[in-house]
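**Q** Coordinates for the following, if possible.
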Amino acid sequence: MMFDGVYLPAVVYAALLSFGFGAAYYRLLAGPWRRAAGLTHSEAQVKWHTILLAFACETLMAFVLAGVIYHTAAVTPRNGIISAVMIWAGFMVMGLIINHRFQKAPWALTVINAGHWLGVLVIQGAAYGYFAPT
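**A** Predicted coordinates for the structure are as follows:
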């Protein structure tokens, strides 16, 4: 099942894998993340609709990343990872740095969140490159 050259089942696999990574990542770093974000334990609890929104956003991210991979090079795990790292370094990290500096957030929050997004994109790029037919 393709949409404009993007293999949709691979997008879903990439989104599921990266969402699972994010859950494990923030479970592991829950305490440091809460402290850096200035939230109490109860303030950091999320509602089910926020989790669904996050998954929908990560699915859209996986779709867009798949389109970038498809339009820039052969669809392989290696090219997926290269595309992911370049998007992360050029757009996501820069956006986090800019937003967090204006919000006066601690650098620890920027580093924790940037690490999450690096993992998400690398997993999505590698997974899409692996599961998409060549």
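**Q** so where do the helices sit in this structure?
**A** Assigned by DSSP state H, the chain shows helices spanning 8-28, 30-37, 48-72, 77-87, 93-102, 107-131.
**Q** Any idea which residue is closest to the centre of this protein?
**A** Val120 (3.3 Å; CA atoms, centre = their mean).
**Q** how much space is there between the nearest residue to that residue once chain neighbours are set aside and Pro77?
**A** Closest residue in space to Val120, ignoring its immediate chain neighbours: Ser18 at 4.4 Å, by CB to CB, 6 or more residues apart in numbering. The C-beta positions use only the backbone N, C-alpha and C, and glycine is treated the same way. Look at Ser18 and Pro77: by CB to CB, to the nearest Å, they are 14 Å apart.
**Q** So between those two, which is more surrounded?
**A** Ser18 (28 against 17; other CB atoms under 10 Å).
**Q** thinking again about what came up before, distance to Met1 and mean pLDDT added to the helices of the chain, as TSV?
**A** As requested, those are arranged in TSV below (distance: least, CB to CB, whole Å; pLDDT from 0 to 100):
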stretch	distance to Met1	mean pLDDT
helix 8-28	5	97
helix 30-37	36	97
helix 48-72	12	96
helix 77-87	19	97
helix 93-102	32	98
helix 107-131	12	98
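**Q** okay, and the common contacts of Ser18 and Pro77?
**A** Ala127 (CB atoms under 8 Å, 6 or more residues apart in numbering).
**Q** burial of Gly129, as a residue count?
**A** 25.
**Q** about what we covered before: pretty sure the residue nearest to the centre of the chain is touching Met61, no?
**A** Yes: counting by CB atoms under 8 Å, Val120 does reach Met61; the two are 7.3 Å apart.
**Q** about what we covered before: can you tell me how far the residue nearest to the centre of the chain is from Gly22?
**A** When Val120 is compared with Gly22 (using CB to CB), they lie 6 Å apart.
**Q** what touches both of those two?
**A** Between them, Val120 and Gly22 share the contacting residues Glu58, judged by CB under 8 Å, 6+ apart.
**Q** now stretch 72-80, how far from the centre of its chain.
**A** Relative to its chain's centre, stretch 72-80 lies at 17 Å (CA atoms, centre = their mean, to the nearest Å).
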